[in-house]
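**Student:** compute the structure for the input listed below.
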Amino acid sequence: MSAPSLLQVGVVGLGRMGRRHADNLATLVPGAALCAVCSPIAAELDWARQSYPDAHQYQDYEALLAHPGLQAVFLVTPTALHAGQIIAALRAGKHVFCEKPLSLDLEDCLRVQAEAARHPQLKVMTGFVRRFDASYQDARRKIDEGLIGSPFMVYSQTCDAYDPDGFFVRFAPTSGGLFLDCSVHDIDLARWLLGEVRAVRVISSGVRAIHHDLAPYQDVDNGLAICEFEEGRLASFYASRTMAHGHETMTDVTGTRGRLSIGANPRLNRVTIADAHGVRSESTPSFIERFADAFVTEARHFVDAVRLDLPLALTLEDATEATRIGVAMRRSLLEQQPVLL
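**Tutor:** Numbering: from 1, shown residues only. From the prediction side, this is the model:
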C-alpha cells in the first residue's frame, strides 16, 4: 500500500508562535507540506515570502480557505478569533489545529464542539503542547503504571521571565487575564495527570507585584488558585509574569505511594558555572526554548492523525473544560470568593 500523500497545510497568523509552527511544518514534520500562509500584517507576509517563497501568501482568511488543495489549517491567531475561524474552516472542509485556549468564552467553546460534531470526518485539536513534552509524557506513563499509586494532588506553575517592556500589559485587554492566558496549560495538565476528573470548585487570588498598570484591566501579574475535583482530588496553580531568572514551568504530582516532579530545575542546559558569583546554571529564557521539541511532536501527532485517520490525544471537550475552569478562576479573582462549577 502506498503512503498517504503529503498533507497540505496553511498557517494563519505569523507572529512568534505562527512562525514557529510554520518552520516546524516546513522542515521538521514528515508528511506535511506548507502550501499557504495568512496574515493581515504586511511585515509578517514579507517574512513568509522570504522564508518560504513556495507557500502562497494571503491577507484574507476566507481566501486562504479557498486555496486549491488546502486540507488543514493551523490557527495561531488572537484568541477572540479562534471559535469563528475554526467553524469557518470546518464548514470549508478543513482539518483544524488551533493554539490554546479554544476560547475565552464557554459558549463559544460549545459552539465549536457542536459544529465539529457535524463534521466527524474532520480532525480538530487545541494546542496544549505540554502533553507532548517527553518529560510530561513519561510522568503520565509512570502514573498509568501505578508507580506513585493513585494520584490525588497536583501543583503546577507557569512563571514567565520579567519583561520590562510589558508586552503582556498591552495584551491584557484581550488576554482573558493571567489565569486563562498562563494557567490554562496547568489546568489541562492537572486534569490529564489526575485522570480527567471533573472540577467542582475553585478559589483564586492575585497581586500586582510590579505591573501596577494592569489595574484598569482588573488583572494581576502573580496569581494563585486552588481547584477541587471530584473523588477528593486537588490541584493548586501559580502563575507569574515577574520571574527574575527566566521561564519556569514545573509540576508536582502526589500519589498514595509517591510523588513525581517535572521540570523542578529550569536549567537551560547541563552547564554549571562557577565564578565570583558562586555556582549556578542558566535558566530557560521562555517557553519557546523549554518546549521546542514538544511543539514538533505536537505537530507530528496532528498531521499523522489526519493522514492516517488516527485518534487525537486530546479532545475539544478537554479544551472546553480548561476554559470552564480558567473562567471560574478569573471570576473568583474578581469576586474574591469561591466559585462552584
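**Student:** and the helix ranked longest in the chain, what does it pack against?
**Tutor:** Longest helix in the chain, counting residues (DSSP state H): helix 316-335. Packed against helix 316-335 by the contact rule (3 or more Cβ pairs under 8 Å, 6 or more residues apart in numbering; DSSP states H and E) you find helix 106-117, strand 124-127, helix 184-194, strand 199-207, strand 222-229, strand 339-340. Backbone N, C-alpha and C define where each C-beta goes, glycine included.
**Student:** between the ones you listed, which one is closest to Val96.
**Tutor:** Proximity to Val96 (Cβ to Cβ) singles out strand 124-127 among the helices and strands packed on helix 316-335, at 4.7 Å.
**Student:** in its sheet, which strands sit next to the closest one, and in what direction?
**Tutor:** Strand 124-127 pairs in its sheet with strand 95-99 (parallel), by DSSP bridges.
**Student:** what's the angle from the partner strand to helix 316-335?
**Tutor:** Between the axis of strand 95-99 and that of helix 316-335 there is an angle of 30 degrees, by axes from the mean of the first three to the mean of the last three Cα atoms, to 10 degrees.
**Student:** which residues touch Gln137?
**Tutor:** Neighbour list for Gln137: Arg131 [criterion: Cβ atoms under 8 Å, 6 or more residues apart in numbering].
**Student:** next, it: secondary structure please.
**Tutor:** helix (DSSP: H, G, I helix; E, B strand; the rest coil).
**Student:** state the distance from it to Asp144.
**Tutor:** Separation of Gln137 from Asp144 (Cβ to Cβ, to the nearest Å) stands at 11 Å.
**Student:** got it, and Asp108?
**Tutor:** In this view, Asp108 and Asp144 are 33 Å apart by Cβ to Cβ.
**Student:** the more surrounded of those two?
**Tutor:** It is Asp108, of Asp108 and Asp144, that has more neighbours when counted by other Cβ atoms under 10 Å, with 20 against 9.
**Student:** confidence score at that one?
**Tutor:** Note for Asp108: predicted pLDDT of 98.
**Student:** go on, the one 3 residues further on?
**Tutor:** Listed pLDDT for Arg111 reads 98.
**Student:** what number of residues lie near Gln59?
**Tutor:** What Gln59 shows, counting by other Cβ under 10 Å, is a neighbour count of 13.
**Student:** that one: what's its closest spatial neighbour, skipping adjacent residues?
**Tutor:** Computed as Cβ to Cβ, 6 or more residues apart in numbering, the closest residue to Gln59 that is not its neighbour in sequence is Pro40, at 5.4 Å.
**Student:** distance of the nearest residue to Gly263 once chain neighbours are set aside from Gly18?
**Tutor:** Using Cβ to Cβ, 6+ apart and skipping residues adjacent in sequence, the residue nearest Gly263 is Met250, 4.4 Å away. For Met250, the distance to Gly18 equals 27 Å [Cβ to Cβ].
**Student:** out of these two, which sits in the busier spot?
**Tutor:** Gly18 (23 against 17).
**Student:** for this protein, give me the ranges with low pLDDT.
**Tutor:** 1-3 (pLDDT under 70).
**Student:** helices of that one, start to end?
**Tutor:** 16-27, 42-51, 61-65, 79-91, 106-117, 134-144, 167-175, 178, 184-194, 287-290, 292-308, 316-335.
**Student:** export the ones you listed to CSV and tack on distance to Ala235?
**Tutor:** Shown next, in CSV, are the helices of the chain (distance: least, Cβ to Cβ, whole Å):
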stretch, distance to Ala235
helix 16-27, 26
helix 42-51, 37
helix 61-65, 36
helix 79-91, 23
helix 106-117, 19
helix 134-144, 14
helix 167-175, 22
helix 178, 16
helix 184-194, 4
helix 287-290, 20
helix 292-308, 21
helix 316-335, 9
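**Student:** out of those, flag the one nearest Gln71.
**Tutor:** The nearest among the helices of the chain, by Cβ to Cβ, is helix 292-308 at 7.3 Å.
**Student:** touching, Ala26 and Tyr52? I think so.
**Tutor:** Yes - contact criterion Cβ atoms under 8 Å: Ala26 and Tyr52 qualify, at 5.7 Å.
**Student:** contacting residues for Gly93?
**Tutor:** Contacts of Gly93 by Cβ under 8 Å, 6+ apart are 119, 122.
**Student:** so how far is Ala48 from it?
**Tutor:** According to Cβ to Cβ, Gly93 and Ala48 sit 24 Å apart.
**Student:** same question for Val339.
**Tutor:** Going from Val339 to Ala48 by Cβ to Cβ gives 43 Å.
**Student:** tell me, how many residues neighbour Leu341?
**Tutor:** So Leu341, with other Cβ under 10 Å, has 15 neighbours.
**Student:** show me what contacts it?
**Tutor:** So Leu341 contacts 198-202, 324-325, 328 (Cβ under 8 Å, 6+ apart).
**Student:** try 6 Å
**Tutor:** Neighbouring residues of Leu341 by Cβ atoms under 6 Å, 6 or more residues apart in numbering: 199-200, 328.
**Student:** now swap in Leu189 and tell me
**Tutor:** Leu189 is in contact with 130, 156, 251, counting by Cβ under 6 Å, 6+ apart.
**Student:** mind redoing it with 8 Å?
**Tutor:** 128, 130-131, 136, 154, 156, 251.
**Student:** and which of those residues is nearest Asp318?
**Tutor:** Distances from Asp318 to these, taken by Cβ to Cβ, are shortest for Phe128, at 7.4 Å.
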